[in-house]
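> here's a sequence, model it:
(2 chains)
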Number of protein chains: 2
Amino acid sequence: MSHLSHQEITILFFSLAILLTLARFLGEVAMRFHQPAILGEILAGILLGPTVLGIIAPGIQDFLFPSEKHLSLVLHGLTTVAITLFLLVAGMEVDLSSVWRQGRMALMISLFGMIIPFAIGFFAASYFPQFFGAQMEADYFIFALFMGTAFSISALPVIAKTMMDLNLYRSDLGMLVISVAIINDIVGWLIFAVILGMMGGHTPGGMNVSHTIFYILIFAVFILSIGRWLLDRILPWLQAHTSWPGGILGFALSCALFCAAFTEWIGIHAIFGAFLFGVALGDSRHLRERTRATIDQFVSFFFAPLFFASIGLKVNFITNFDLLLVVVIVVTATISKVLGCTWGARLGGLSSNESWAIGFGMNSRGAMEIILGLLALQAGVIGDRTFVALVIMALLTSMSSGTLMQRFLKPQKLIHFYDFLTAKHFRCRMRATERQEAVHELVRVVCEGTNLNPEMVSHLVWNREQMAPTGLENGVAIPNARLQHLMIPIIAVGFSEEGIDFDARDGQLAKLIFLILTPLDDHRIQLDIIADIAKIFKQSAVIEKAMEAKTYTEFLALAKSVSQSADRI
Amino acid sequence: MSHLSHQEITILFFSLAILLTLARFLGEVAMRFHQPAILGEILAGILLGPTVLGIIAPGIQDFLFPSEKHLSLVLHGLTTVAITLFLLVAGMEVDLSSVWRQGRMALMISLFGMIIPFAIGFFAASYFPQFFGAQMEADYFIFALFMGTAFSISALPVIAKTMMDLNLYRSDLGMLVISVAIINDIVGWLIFAVILGMMGGHTPGGMNVSHTIFYILIFAVFILSIGRWLLDRILPWLQAHTSWPGGILGFALSCALFCAAFTEWIGIHAIFGAFLFGVALGDSRHLRERTRATIDQFVSFFFAPLFFASIGLKVNFITNFDLLLVVVIVVTATISKVLGCTWGARLGGLSSNESWAIGFGMNSRGAMEIILGLLALQAGVIGDRTFVALVIMALLTSMSSGTLMQRFLKPQKLIHFYDFLTAKHFRCRMRATERQEAVHELVRVVCEGTNLNPEMVSHLVWNREQMAPTGLENGVAIPNARLQHLMIPIIAVGFSEEGIDFDARDGQLAKLIFLILTPLDDHRIQLDIIADIAKIFKQSAVIEKAMEAKTYTEFLALAKSVSQSADRI
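Model (predicted):
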């Protein structure tokens, strides 16, 4: 058997470690600035690839990521498995049943949102193939079809994430946008699969193009009808009769690999099989949230960063950067997509603001565009220059989407109480043993170093407390007040080991006490903060765990992780 | 860049899919017979490798798992990453603090349990190197050291699993066995790391043996002291300031890869770095159960089956099967290990029965022995024949361990109510609207086709019910009786949409009704079943979800997955 040598294994682990670390780190930085993580992940690859490291230290770059040796084969194998599993997860996010509920409107928007950019992309590329970077040996018709698809595709995962960030995911508008994106995704991928089938270079072994197209359509119809029906019956059986979650995880991943092998074999690409299987799997109401989360998390935070970072290794993003081409592609793709979707939404009867919001929302291209571009690059349909322009277009549209949507909608950002908490306002052991004292103590903590008058604030909170006691269940209390000249909310937290009577309904003494001060004129934020605290500290196990925190950081870590697990469900 | 061809990608996915499917399937079958999953996983590889498929259909075998092409490189890379992540998980299961608690006794047992088998293995291999299969070119001293280590190692994951199966994990004896296994594991691996360092063939680039040993000891001490301390501080910070669980997952996996690269570089093997990092990581009380489970599950059910199945691909288990060698190795290894541990336990003051139980418990070699053997095989220290014997020894000792332990302990198997439930006794919609009627209805369901007299049973249950009503919280009721001539418990389940008054404390009507009939003389089983039902149907969300089940299979699936999630925590 061919083996990797000792040195190759060392380099393999070292390069994977560096790729993953930098990709996750820059991904986190991107998210901190409310940008999709993929932006940072690709940037990591660009830094480690020929674009930056290859210029600064070509020796190190070639040592870590050698281009013509065993290791590049292994890396290619690993990233191929990675992207296939990523598409499985992307497919699992597709909720077909929600599409039926949205019905005609979603269909209309996605139709307009696909046909218009497709037509514009197709004709632009037909008339100016050289400008858009058609390869010499490529068939111009296929090239134009590809550019049409590249303009019309959108990225469901990025769109779903944007909706969640804007707290719109479960609103009517959110569900509509998601449904449109789902239709867009499935139809877009099928069209692209057909185009891939038409590329002679990609169907070896002489499989006929029409056979390829026939097979992929049969496969799609089969898996989305009979396959879905079967899965919905097999999953409960698996959960009942095999070990949990091993049975279902093994089954899901095996099937995804089989479907991937099948679509690769018929001359398309492995990712389509995994994607379609993911759609059928994710649609079953018997797939537990927990199983979904395990696959999702491992793939999103291990395989996906490795894959997206590896993109930056393939191409030099500086020498292949063509400003004019980038501008033309970004502008044309954005205008055609936004106009198409907005037009469709207006015709469907939505208000002007909502229609524009949908248009900009659908403009995210994200990961999907990049994967599409990569396949076309590997198939020789486009060159490095066009690939770089498509990647930049994908990133710019994804980055701008959320901000532009917000312009047309009343922002409804998700409020978390810990966004208003600081280490200064955290009291690990309260001295107070009685309610009024406790209020005083926390008020003093908050007012220190500000121009708030502790006497006055204390008085307000105490008045409020006397009107209606603020003890919640399980030993949480939330004394609060609204203050006139406050700009943003201030929250303080205190632990009382003995407990303080806040007159809770269940008679328990309060051990975890939040002082909540909010601006007078913002009714909503006070309610949001209280609801958030009540949601996070619902279970007594969480409260006990919170009381064990010895530092502010530990407390914040707990609150965040509980809150984010709750958000997922 | 070197790329896999279209056909190679097809075969890659196809062979991964087949490996994973068969490994998971046979793993499930093994677990069904209360054997470790690894048994089935290795068997899958033997079936697909040169041993079986290679004989029946050599063409197909060579097509799927070609030995001298690109694909075998990719498979080697993938399985190397897989085993490294598996060792990360194995390390995370090591709980150093529990070792301190057990203290002297654990140290004594593990000392005796290592020195005696090590000495016997070492001397046996020194005196009969040819018989034990030392390779011509191997250093006999290193070979004897290796055989000593192979005899003295044990497999923490398998032992932990056996303890859980026997419901002993949290007992005093269970914690003691686990602690012994932990010491055994860490010391065993360190010794083996040193031996690997001594193998000239494995330290390329001319790194001096003493340097290698020096580095690995420094690394181990560093990571288990300063590294552990650092991790305990970094984890809360990561959870507080990065996305959850992405920040922590990315961090853990990146660090594991870096440590793996480091130990591979100093001339040992990548897995040691991952293992030691896993120990340090798993020891932090800030690592959430959820994060641990995500890594554990994905690795255990994707990477581990692929790795263990790939072992069967490497060697022909029939032509290399040497009955005498297998018998000698199995018998000597078992006797020396069991005697050593039992002796140590007796000296420590445990009872004879407990000491023998510990001895047989520690005899599991499982995954660790196989990994050890594989490294020695790759380093040229042992040949195929010895490798096959070690694999068989590992499997036999793991399979027999649980059964033999039970002989010396009162069995305390975990009871689950659904083990006594059948499809026949599942009533999706009850007709009864009132308590006595409901009891009659479920009793009739149970008695149908048996020789139980429904009138009599009904009477008993109703009498019991009148003495003390059986309505639990949240709408669950458990009418029950103990019957004289019953051999095993019988349980029936009924749903009542309107709810039936079982006089619960919280005043809620019962919607989920369990009829529980148990043998008269077995007090314990009735209590165990009731406790299990109360634990599983504690939360109202679970009860609502259960009521949605349309078939027995769906209900069973829910109960099992809730129960098994609860067992984990």
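
> compute the number of surrounding residues for residue A:485.
Residue A:485 has 8 neighbouring residues, counting by other Cβ atoms under 10 Å in any protein chain shown. (C-beta placed from N, C-alpha, C; glycine too.)

> name the SS class of it, please.
Classification of residue A:485 by DSSP: H, G, I helix; E, B strand; the rest coil places it in coil.

> what is the burial count for residue A:218?
Here the number of neighbours of residue A:218 (other Cβ under 10 Å) works out to 11.

> same check, this time on residue A:543
17.

> my read: it touches residue A:477, true?
No - with contact defined as Cβ atoms under 8 Å, residue A:543 does not reach residue A:477; the gap is 11.4 Å.

> which neighbours do these two share?
Both residue A:543 and residue A:477 are in contact with residue A:512, where contact means Cβ atoms under 8 Å, 6 or more residues apart in numbering or on different chains.

> now the helices: where do they sit in the stretch 301-450 of chain A?
A:304-314, A:323-347, A:352-362, A:366-378, A:384-408, A:435-447 (DSSP state H, counting those that start in this stretch).

> give me the average confidence score over the fourth one.
Helix A:366-378 carries an average pLDDT of 86.

> now do the phi/psi pair for the spatially most central residue of chain A.
Note on chain A: the residue nearest the mean C-alpha position is residue A:161, at 4.3 Å, using Cα atoms, centre = their mean. The phi/psi pair for residue A:161 (degrees, to the nearest 10) reads phi -60, psi -40.

> secondary structure element for the residue of the stretch 451-569 of chain A found nearest chain B?
Per Cβ to the nearest Cβ, residue A:557 is where the stretch 451-569 of chain A lies closest to chain B, at 3.5 Å. Using DSSP states H and E, residue A:557 falls within helix A:552-568.

> contacts for that helix, please.
Applying Cβ under 8 Å, 6+ apart, the contact partners of helix A:552-568 are A:164, A:289, A:293, A:414, A:416-418, A:421-423, A:426, A:493, A:532, A:535-536, A:542, A:545-546, A:548-549, B:235-240, B:243-245, B:286, B:288, B:290.

> for PyMOL, what selects the buried ones among these?
In PyMOL, a selection of the buried entries from the contacts of helix A:552-568 looks like this (16 or more other Cβ atoms under 10 Å in any protein chain shown):
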select buried, (chain A and resi 293+416+417+418+421+426+493+532+536+542+546+549) or (chain B and resi 235+236+237+238+239+240+243+244+245+286+288+290)
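
> the contacts of helix A:552-568 in strands, which ones?
Applying DSSP state E to these, the entries found in strands are A:426, A:493.

> so which of the contacts of helix A:552-568 sit within helices?
Cross-referencing the contacts of helix A:552-568 against helices under DSSP state H gives A:164, A:289, A:293, A:532, A:535-536, A:542, A:545-546, B:235-240, B:290.

> dump the residue contacts of the closest residue to residue A:557 other than its chain neighbours.
Among residues not flanking residue A:557 along the chain, residue B:239 sits closest, at 3.5 Å (Cβ to Cβ, 6 or more residues apart in numbering or on different chains). The contact partners of residue B:239, taken as Cβ under 8 Å, 6+ apart, are A:557, A:558, A:560, A:561, B:247, B:248, B:286, B:288.

> redo that, cut-off 7 Å
Going by Cβ atoms under 7 Å, 6 or more residues apart in numbering or on different chains, residue B:239 touches A:557, A:560, A:561, B:248.

> and what of residue A:277?
By Cβ under 7 Å, 6+ apart, the contact list for residue A:277 reads A:88, A:91, A:223, A:255, A:256, A:259.

> equivalent analysis for residue A:235, please.
Counting by Cβ under 7 Å, 6+ apart, residue A:235 touches A:248, A:284, A:286, A:287.
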